[in-house]
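Peer 1: Below is the sequence, then the predicted model.
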Amino acid sequence: MSPRKNNVITIEGWPDPKKGKLYKGIVKEVDIDKKYVLVTIENLDPTQLGRVHTESLPLPARPGNRASRFLTACGFDTNTVGTKICREDIVDTTIGMRFSAVAQDGSQQIDFERIESPSRVKTNTPSGESVGEQHSDSALQSEAEGEREF
């Protein structure tokens, strides 16, 4: 008797992220316009592997607001007014995500947290000098060309 073959693929929904659990994610994309920064984060948790979360964060980034908390999770100093952060320095950063309870519309708000990595401390002083991790040449060139920053 031959083993039975399964010829059917069943589409399943993603399991809901657990409220309050810390999930690791990697920032895959950052798009900036005048009023919002749109971030795409890939979830790295084994139960959510490959799931992508997209968050729209209001600009300007101010100490303590949601955009600022996201940037802090990415390892930047957001308490110093005048700090400049290039989009290229955010992409590929690993951050922590905690989800709130599921709302009636099925959405969940994400709170962002820093996942400590001693070799990745990123800050820029208002004068543009980098403290800690050095910026790439392309990031500095984009900044010099006047690309929008946070």
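Peer 2: Cool, the structure landed.
Peer 1: sec struct for the residue nearest the centre of the chain, please.
Peer 2: The residue lying closest to the centre of the chain (Cα atoms, centre = their mean) is Val27, at 4.3 Å. On the three-state scheme (DSSP: H, G, I helix; E, B strand; the rest coil), Val27 is labelled strand.
Peer 1: list the contacts for it?
Peer 2: Shown in contact with Val27 (Cβ atoms under 8 Å, 6 or more residues apart in numbering): 39-41, 74, 90-95. Where C-beta positions appear, they are placed from N, C-alpha and C, glycine not excepted.
Peer 1: got the residues you listed as a markdown table, with secondary structure columns?
Peer 2: Formatted as a markdown table, the contacts of Val27 follow (three-state DSSP):
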| residue | secondary structure |
| --- | --- |
| Val39 | strand |
| Thr40 | strand |
| Ile41 | strand |
| Cys74 | coil |
| Ile90 | coil |
| Val91 | coil |
| Asp92 | coil |
| Thr93 | coil |
| Thr94 | strand |
| Ile95 | strand |
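Peer 1: ok, of those residues, which come out buried?
Peer 2: 39-41, 74, 90, 93-95 (16 or more other Cβ atoms under 10 Å).
Peer 1: which among the residues you listed gets closest to Lys84?
Peer 2: The nearest member of the buried ones among the contacts of Val27 to Lys84, counting by Cβ to Cβ, is Ile90 at 12.3 Å.
Peer 1: Please determine how far that closest one is located from Tyr23.
Peer 2: According to Cβ to Cβ, to the nearest Å, Ile90 and Tyr23 sit 18 Å apart.
Peer 1: pLDDT below threshold where in this structure?
Peer 2: 1-3, 117-150 (pLDDT under 70).
Peer 1: if you set the cut-off to 80 instead, what comes out?
Peer 2: Scanning the chain with the threshold set as pLDDT under 80 gives 1-5, 102-104, 106-107, 116-150.
Peer 1: and Ala103, how many residues sit next to it?
Peer 2: Burial of Ala103, expressed as a neighbour count using other Cβ atoms under 10 Å, amounts to 9.
Peer 1: Which residue ranges of the chain form strands?
Peer 2: 22-32, 36-43, 52-58, 94-99, 110-113, 122-124, 130-132 (DSSP state E).
Peer 1: For Asp16, find the nearest of these.
Peer 2: Set against Asp16 and scored by Cβ to Cβ, the strands of the chain come closest in strand 94-99, at 8.1 Å.
Peer 1: Many thanks, have a good one.
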